[in-house]
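Colleague: Sequence and computational prediction follow.
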Amino acid sequence: EAQVTQNPRYLITVTGKKLTVTCSQNMNHEYMSWYRQDPGLGLRQIYYSMNVEVTDKGDVPEGYKVSRKEKRNFPLILESPSPNQTSLYFCASSPNRNTGELFFGEGSRLTVL
Amino acid sequence: SQQGEEDPQALSIQEGENATMNCSYKTSINNLQWYRQNSGRGLVHLILIRSNEREKHSGRLRVTLDTSKKSSSLLITASRAADTASYFCATGGGADGLTFGKGTHLIIQP
């Protein structure tokens, strides 16, 4: 089944404890992206990647890192999480950057205490 | 960056009625997309309409696009309880990805 898989789906952590949210897609998509969704603010793009070893900042990259060593994986790294990073995170992928249509994962709800 | 804004923010209708939601955006576009999100779940792509198209259908969905007014509408006909969800329009695409509006929360009353 074609899908985007995120882990963990739910996580409660404490300020400053490094964490990684993994994202994997099995559709051989070139383009991958991370969004966060917050009440009243909608979805905002954190980082995106047009292909392996190519990543770029989105609208809200502060406090996050990403890597794209393999086509299928695009992990989101929070080196030192803070409470303002409490959010619902979505990974998404697209066959190519020009198509635009995104396939989303089920989301990772992160709480930073 | 381009951004769509949906209207209304919330909509409650009876099952079987039609639901219409609107999206306005600010700059010229190549295409506009609509997505659905069930509570706490990932977004699901519904339909894409290109800038040279005025109307598009997919099952019970009808999307219109008026580039002169920079607006789009999504019509869901013969609504069902399962249509209860948030609906987002999205513009952009390309390297910068999509920019989403804040969504319309649709509730279908049985």
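Modeller: Ah, there it is.

Colleague: how about the residues of chain B near chain A?
Modeller: Residues of chain B found near chain A (C-beta under 8 Å from any C-beta of the partner chain) are B:1, B:30-31, B:33, B:35, B:40-45, B:48, B:88, B:90, B:92-103. From N, CA and C alone the C-beta is placed, and that goes for glycine too.

Colleague: if we go to 10 Å?
Modeller: Within chain B, the residues that sit near chain A (C-beta under 10 Å from any C-beta of the partner chain) are B:1, B:3-6, B:30-33, B:35, B:37, B:40-45, B:47-48, B:86, B:88, B:90-103.

Colleague: From these, which land in strands?
Modeller: Among the residues of chain B next to chain A, the members found in strands (DSSP state E) are B:4-6, B:31-33, B:35, B:37, B:43-45, B:47-48, B:86, B:88, B:90-92, B:98-100.

Colleague: Next, count neighbours for the residue nearest to B:Gly16 when sequence neighbours are not counted.
Modeller: Using C-beta to C-beta, 6 or more residues apart in numbering or on different chains and skipping the chain neighbours, the partner closest in space to B:Gly16 is B:Ala78 (6.0 Å). Residues near B:Ala78, counting by other C-beta atoms under 10 Å in any protein chain shown, number 11.

Colleague: Am I right that B:Ala78 is in contact with B:Glu15?
Modeller: Yes: B:Ala78 is within contact range of B:Glu15, at 8.8 Å (criterion: C-beta atoms under 10 Å).

Colleague: re earlier: what subset of the ones in strands among the residues of chain B next to chain A is buried?
Modeller: Neighbour counting by 16 or more other C-beta atoms under 10 Å in any protein chain shown classes B:4-6, B:31-33, B:35, B:37, B:43, B:45, B:47-48, B:86, B:88, B:90-92, B:98-100 among these as buried.

Colleague: How confident was the prediction at B:Gln3?
Modeller: Listed pLDDT for B:Gln3 reads 69.

Colleague: what's the answer for A:Val52, then?
Modeller: As summarised for this prediction, A:Val52 has a pLDDT of 94.
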